[in-house]
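J.: Okay, sequence plus prediction incoming.
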Amino acid sequence: MMLFAADPLLVGDFGWDTLAIMLGKVVIAFALLMLSVLFMVWFERKVVSDLQNRIGPNRAGPWGLLQTLADGIKLFFKEDLVPNKADRFVFGLAPYLSLIPAFLTFAIVPVGGDFTNNNGVVPMPGGEQTYLQVADPPIGVLLFLAMSSLAVYGIMLAGWSSGSKYPLLGSVRASAQMVSYEAALGLAVVAVLIQSESLSSHDIVAAQQGGIVNWNFFATGVVPFFVFLIAGTAELNRPPFDLVEAEQELVGGFHTEYSSIRFALFFLAEFMNTVTMSAIIVTLFLGGPNGPILIDSLGWFFPTFWFMLKLFVFLFTFVWFRATLPRLRYDQLMDLGWKLLIPISLGWVLFLGAQSIGRDRGWNSIAIVAVTALVFAVAGSLLVAAINTAKADRARALEEDPEGAHGRFT
Amino acid sequence: MAITDKTETDTLPELTDARVRARESAVLRLSESAMARLGEMGPDAPIDVDDERMFINMGPSHPSTHGVLRLMLELEGETVRRSKPVIGYLHTGMEKTGEQLTYLQGPTNVTRMDYAAPLFNELVFSLAVEELVGIEVPERATWIRMLMCELNRMASNLLFMATNGMDLGAVSMMIYGWREREDILRFFEMVTGLRMNHNYIRPGGVAADLPDGWQAEVERLLEIIPPRLEEYDVLMTGQPIWRDRLQGVGVMNSAEALALGVTGPLLRSTGYAWDLRRDQPYLAYDEVEFDVLVGSYGDCFDRYAIRLNEIRESMRIVRQVIDKMPAGDVRVQDKKITPPPRARIDESMEALIHHFKIFTEGYKVPEGEVYVGVESPRGELGCYMVSDGGSHPYRMHIRAPSFVNLQCLPYLMQDGLIADAVANISTVDPIMGEVDR
């Protein structure tokens, strides 16, 4: 029980009503997530068609809202093909490996509750009180990072076990890409943790209450937010970082050989991850259910409304990326991750850390900024110099031996 | 038509030994059976394969091989070391079919070759036949041909914008390119009755005069397209990811391009100004003003930028054509070549006979051979035709620019990533119907 101790629901007696509320929360969260995926697929297709001067799905249900359901049913009844050379067990396991982490991450997201007046606690029938999130483990954000690392396995194993070359290439790309961006993602999260001084998602949201300026978006100085948004998009394998699927290059990437319900599971996982990642961004940087304006009436309504509204903004952003940006190349993706995002977020974390220590010890804040700027300038120019030297070395090697092993990208 | 020699060999970049060697080793010389053996994966894979290399087939059924181009790739990681384009998956025998069809039926056949620029096929065929017969088409027909061809060049380059955007992951671009192209195709439909494969340009002129109100229609096109090209500039040309993906990818210099027989935007992208419209003027291109666009790096971005700006140049030509369009006949008034109008058949026995003869046995073309080249959106489109004096060509060969341009693919793709290979295929812009003929 230690894992869930923070929730007031679990303080005191553990009775049938407690269990009922917990189960209810799990079921509602599950249903909410599934519904949001249904909506998200439709939403993405509609928005992309709008941006591309098309009509988009409009046959199944009002405004084509049931299109996803129809697609799901169709996929369910399709023949399930397993390639001859596939590793059957892993091939069957992989879709679940990518689906389950997507579910679990959503458990730590607070979707409602009034944080301004009573710390996000919502009264429940039977005199119980609870947070509006499935679980609030003290390790909260670490669970998110762990799950997003686990999700790599689903994609990697899917590509590897297909016994086919395009999926194999996709799986190699997946492991490299997701591992690299994990680092930038983690460092951006560290900035939030320094600010909130807690790992629990509930506490992180609670620390952001009291108006927009307290949101981590501003409190951590904007940079971690953008790093997180970019790294998160890469982690999701969504355009412009969808190299893992890269229809035009690798046909379908890791899911080339998948069909029927297994493919549907990957599809589901991808969109679920999109929803979850948006929810995590809202939680970490935009104050979760905290509203920009404080409205006391209808206690439960407005926090959930604000949360959904912010979620919606990010869902739209991801769709917008997809409709606008061309795909990056593999080496450019790596460059962006390792040479730009990781150094910037690392530097920013150090800066926030210095500030935090400085506050405790009463250092001069202007001096901290000045020293930081100096360190940034020195480190940045060192990094640029190193990159340029390496580039020049490679160019020289190519010049001397164009057929040799020193290819342009090796 | 003699080829005027305007090559300035002394200004060409030198091909260093290293470049020549690199070019030779770019082609994967592997038989079909060896590829099938090397392509095996898993426990069945032959043990003598270098572990670092992977052989992979891209196509003939692949989303970005523009139809049914197939590439054998030798990969090291994701880097393409050697490759070989394999063609023939869309072989339709149109050249051979051409020998069975009369000269009147010919355009219907050739128009299906480069299906993105059908009017150029008809044009080159008709010019060849006219050269053999020795007829001069009326001036209005010439200018109509120019108008239609330049519009078709725009349509073809817009199609390139669409597919190129899609190949690089800018999926919205696909729809935008098609939208603009569709506007042009609507005009074609208005003039020829068909969106594609028009059979509009025929030996002796064009099938029908332009319909009433064509100027307004063309001017509408010239009005709606420029702002959309500016949108492309925002979406693609100025886009940092887009530039990164294309700049410095698939570089070729003009000596290499000439050695490989490459023409069209590919050759011009290397900085070598060669455009048949200017260098061997046909139709009335010497009476209109336009610029031949050249690139400076010979990379994918130059090829993209040249095609984009050639749309603008074509619009410039179309504007001049509207102003200068002469009045008069649209077909040569020779009863042996041009079928009589429908109304005449009811009144005149001779007309009926001519009509019958032309459509059943065609007209005889004097013995001889001829080569005619035109600048299609993809390069030099040529038609070599031999006549034995009968009503069918003895031999009809089309020099298809896509076919020749494909030769440079292994070289462009060498040492690039798979993503670059896709960018290269895309900017070479092969039309497989024309490659396989």
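T.: Ah, there it is.
J.: Could you pull out the strands in chain A for me?
T.: A:121-123, A:129-131 (DSSP state E).
J.: With chain B instead?
T.: Using DSSP E, strands in chain B cover B:53-58, B:70-76, B:79-86, B:201-202, B:205-206, B:368-376, B:379-387, B:393-399, B:416-417.
J.: Next, format those as JSON lines and append mean neighbour count, mean pLDDT and distance to residue B:108.
T.: Using the backbone N, CA and C atoms, a C-beta is placed for each residue, glycine as well. JSON lines is the format used below for these (neighbours: other Cβ atoms under 10 Å in any protein chain shown; pLDDT from 0 to 100; distance: least, Cβ to Cβ, whole Å):
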{"stretch": "strand B:53-58", "mean neighbour count": "20", "mean pLDDT": "82", "distance to residue B:108": "33"}
{"stretch": "strand B:70-76", "mean neighbour count": "20", "mean pLDDT": "85", "distance to residue B:108": "29"}
{"stretch": "strand B:79-86", "mean neighbour count": "22", "mean pLDDT": "87", "distance to residue B:108": "29"}
{"stretch": "strand B:201-202", "mean neighbour count": "27", "mean pLDDT": "90", "distance to residue B:108": "9"}
{"stretch": "strand B:205-206", "mean neighbour count": "26", "mean pLDDT": "88", "distance to residue B:108": "14"}
{"stretch": "strand B:368-376", "mean neighbour count": "20", "mean pLDDT": "91", "distance to residue B:108": "18"}
{"stretch": "strand B:379-387", "mean neighbour count": "23", "mean pLDDT": "91", "distance to residue B:108": "15"}
{"stretch": "strand B:393-399", "mean neighbour count": "20", "mean pLDDT": "91", "distance to residue B:108": "13"}
{"stretch": "strand B:416-417", "mean neighbour count": "24", "mean pLDDT": "85", "distance to residue B:108": "40"}
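J.: possible to save those as CSV with distance to residue B:319?
T.: Listed next are the strands of chain B as CSV, based on distance: least, Cβ to Cβ, whole Å:
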stretch, distance to residue B:319
strand B:53-58, 42
strand B:70-76, 41
strand B:79-86, 39
strand B:201-202, 21
strand B:205-206, 20
strand B:368-376, 19
strand B:379-387, 24
strand B:393-399, 30
strand B:416-417, 39
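J.: hang on, the earlier thing: if you compare the strands of chain A, which one is most tucked away?
T.: Highest mean neighbour count of the strands of chain A: strand A:129-131, a mean of 20 (counted as mean count of other Cβ atoms under 10 Å in any protein chain shown).
J.: Mind checking the pLDDT average for stretch A:234-245?
T.: The pLDDT scores in stretch A:234-245 average 83.
J.: Put together CSV for the strands of chain B, with distance to chain A on each row.
T.: Output for the strands of chain B, formatted as CSV (distance: least, Cβ to the nearest Cβ, whole Å):
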stretch, distance to chain A
strand B:53-58, 5
strand B:70-76, 7
strand B:79-86, 5
strand B:201-202, 32
strand B:205-206, 33
strand B:368-376, 25
strand B:379-387, 24
strand B:393-399, 29
strand B:416-417, 6
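J.: So for residue A:211, which of those sits nearest?
T.: strand B:416-417 (47.9 Å; Cβ to Cβ).
J.: Which residue lies closest in space to whichever residue of the stretch 51-200 of chain A sits closest to chain B, excluding its sequence neighbours?
T.: Of all residues in the stretch 51-200 of chain A, residue A:52 sits closest to chain B, at 4.1 Å by Cβ to the nearest Cβ. Counting by Cβ to Cβ, 6 or more residues apart in numbering or on different chains, residue A:52 lies nearest to residue B:175, which is 4.1 Å off, once chain neighbours are set aside.
J.: who touches the one you found in this structure?
T.: Counting by Cβ atoms under 8 Å, 6 or more residues apart in numbering or on different chains, residue B:175 makes contact with A:52-54, B:162.
J.: For residue B:91, see how far away residue B:80 is.
T.: The gap separating residue B:80 from residue B:91 is 26 Å, by Cβ to Cβ, to the nearest Å.
J.: ugh, wrong one, residue A:92
T.: Distance of residue A:92 to residue B:91, computed by Cβ to Cβ: 41 Å.
J.: Equivalent analysis for residue A:122, please.
T.: On the measure of Cβ to Cβ, residue A:122 and residue B:91 end up 70 Å apart.
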